[in-house]
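Undergrad: Make a model of this:
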Amino acid sequence: MRRIRTRDGCVYEGSSSQFIDRGDHIAFRDWGTTHRIYKVNIVYDQEDCFIATGVYGSTDAPEVQALRCFRDSCLMSSRPGRAFVRAYYGWLSDAGLRCMRASGRPGRAILKAVLDPLVRLIGRHLSRQDDSRS
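TA: Coordinates of the predicted model:
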């Protein structure tokens, strides 16, 4: 899910696949209509980590914050990283949400078993980045 708010107060909300980056603007497709959202007018742009939030219980959980930080600072800074994020929000997150909804606690446990080692690895990577900056 992505949410963009512009200076004039308009809010665009939808799945990540509805938003297409076009350089100076973002095209948002909704109900057969395409809206142009010029980047200079964006005051808020967030993609929620729904799977991590579902697994760890809160958007404020340290694990969710680590994943979000890694996405924003590392993945979004390179073309392959941005492609991965688009693929994740376009397909993988939907598959993860279906898994959690279909199997409840067992699905969350499976996803947690996958995410925990990844979160530890990301935590080490982010702490190394912090150490190199100081």
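
Undergrad: Return the residues in contact with residue 63.
TA: Counting by CB atoms under 8 Å, 6 or more residues apart in numbering, residue 63 touches 52, 55-56, 115-116, 119. Just so you know, the C-beta spots here come from the backbone N, C-alpha and C atoms, and that holds for glycine as well.

Undergrad: May I ask you to confirm that residue 76 is in contact with residue 84?
TA: No - in this structure, residue 76 is not within contact of residue 84 by CB atoms under 8 Å, at 9.8 Å.

Undergrad: Quickly list what's touching both of the two.
TA: By CB under 8 Å, 6+ apart, no residue touches both residue 76 and residue 84.

Undergrad: what about the strands in this protein?
TA: For the chain, the strands defined by DSSP state E occupy 2-6, 11-14, 19-21, 25-30, 33-38, 42-47.

Undergrad: Tell me which of those strands is the most buried.
TA: Ranked by mean neighbour count, those are led by strand 2-6 with a mean of 17 (mean count of other CB atoms under 10 Å).
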